[in-house]
Structure formats: structure tokens, C-alpha cells
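J.: structure of the sequence below:
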Amino acid sequence: MSSPSWSEQLRQSLKRLPTERPPRVAILGVGHELNGDDGAGLAVTRALEERLAGQDRLLVIEAGPAPENQTGPLRAFGPDLVLIVDAAQMGAAPGSVRLVPWQATTGLSASTHTLPLHILAKFLTHELGCDVALLGLQPVHNRGDAPLSDAMQVVVAQVVDDLAAILSA
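T.: Numbering: from 1, shown residues only. I've put the predicted structure just below:
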């Protein structure tokens, strides 16, 4: 039996949140857009901002390489779940997408960020009382001064479609 897809894992996570109302979800796009596929998280959030505009239970933030600078807007929003979307060296096939619990992010490469994501996640869970997960996209390349690879553009489009469907339900 295979493990559930990242999208099914996210659906299950949202159902498990202890809330009587539809959950409040914040999506943080992380990365450097001038480092090839490291900009995947930013590309996802840009597309989601357009697709999901106007939903008061969703907050989409293009956080760049320093997502810790977004704790003020997150605190004001009061999320039940913070989903960090980022290119992540997971040792998987290029273009793979995985939903990773924040506790498992200590071994993932995040060298392009000012603060390791597991430290940010620990802070958010403690300070905001929310769940945190990483949606990791395995990059094809992280070359400087390069756009997203063609393969990653396809992955980003699919992730946006899947997230929009999940978060609009």
C-alpha cells in the first residue's frame, strides 16, 4: 500500500484541526526568485493570491528568504495552520512534492534562508498555537540568476491547482 499523496495528507490535516469553523490557513511562500527553482514557493503564493483572493479564512504571504519577518501579519491573522511552501532538498526525484511535518525539517537543506524553517515553525507553534507544515518541492536546480526550470513550472502549476481546490472546499 502506498502512502497518501501530499494533497490527501493536507486534506486529512485540515480535518484534524480542532476548530468548529472552517480552519484559518496561512500560506507562506519562501525562497529566492533569482536562484532558479528556489523561487518555487514564491511562484506558488503569487498564483494563489490571484486564485484565492477575497477569502477571509486564508492569508497568502510572499515571504521571500526571510519568512520570520512575517510573524506580525501571522499573529494578526490567527491561523489554525501555517503552510510553508518552499523548494527543499529532500533527496527525492526532481519535481517531487511532499508535505513534511515541521519537526522533520531539521534535516532539510534551507541554506538560502536567514533562519532555519524548523526554528520558525517551533516559534509559530509556541507563540500562535497553530499547526505548521512544510510543502516541499524538490528543485531541479538552484542556479543563481536563473528562472524556474521548465519542469518546476509544471510542478508549481499543479501544486497551485491542488491547493486552490483543497482550500476552496
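J.: tell me how far stretch 46-56 is from the chain's mean position?
T.: 14 Å (C-alpha atoms, centre = their mean, to the nearest Å).
J.: can you check stretch 59-67 too?
T.: Centre-to-centre, stretch 59-67 and its host chain are 9 Å apart (C-alpha atoms, centre = their mean).
J.: just the pLDDT for residue 34.
T.: If you check residue 34, the pLDDT there is 87.
J.: what sits against it?
T.: For residue 34, the contact set (C-beta atoms under 8 Å, 6 or more residues apart in numbering) comprises 144-146. Yep, even glycine has a C-beta here, placed from its N, CA and C like the rest.
J.: out of these, who's the most crowded?
T.: Neighbour counts for the contacts of residue 34 peak at residue 146, which has 14 neighbours (criterion: other C-beta atoms under 10 Å).
J.: is it in a bridge, and if so with what?
T.: residue 35 (DSSP bridges).
J.: which of the contacts of residue 34 lies closest to residue 93?
T.: residue 146 (19.9 Å; C-beta to C-beta).
J.: could you measure from the closest one over to residue 24?
T.: Distance, residue 146 to residue 24, by C-beta to C-beta, to the nearest Å: 36 Å.
J.: circling back to that earlier point, got TSV for the contacts of residue 34, with pLDDT and distance to residue 32 too?
T.: As requested, these are exported to TSV (pLDDT from 0 to 100; distance: C-beta to C-beta, whole Å):
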residue	pLDDT	distance to residue 32
144	81	9
145	84	11
146	85	11
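J.: dump these into TSV; add distance to residue 156 as well.
T.: Formatted as TSV, the contacts of residue 34 follow (distance: C-beta to C-beta, whole Å):
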residue	distance to residue 156
144	19
145	19
146	15
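J.: can you give me the buried ones in the host helix or strand of residue 166?
T.: Per DSSP states H and E: residue 166 is located in helix 150-168. For helix 150-168, a neighbour-count test (16 or more other C-beta atoms under 10 Å) marks 152, 155-156, 159-160, 162-163, 167 as buried.
J.: can you check stretch 70-79 too?
T.: 70, 74, 77, 79.
J.: number of nearby residues for the residue nearest to the third one when sequence neighbours are not counted?
T.: Sequence neighbours aside, residue 59 is the residue nearest to residue 77 in space, at 4.5 Å (criterion: C-beta to C-beta, 6 or more residues apart in numbering). One way to gauge burial is a neighbour count; for residue 59, by other C-beta under 10 Å, it gives 20.
J.: and residue 59, which of the three is it?
T.: Following DSSP: H, G, I helix; E, B strand; the rest coil, residue 59 is assigned to strand.
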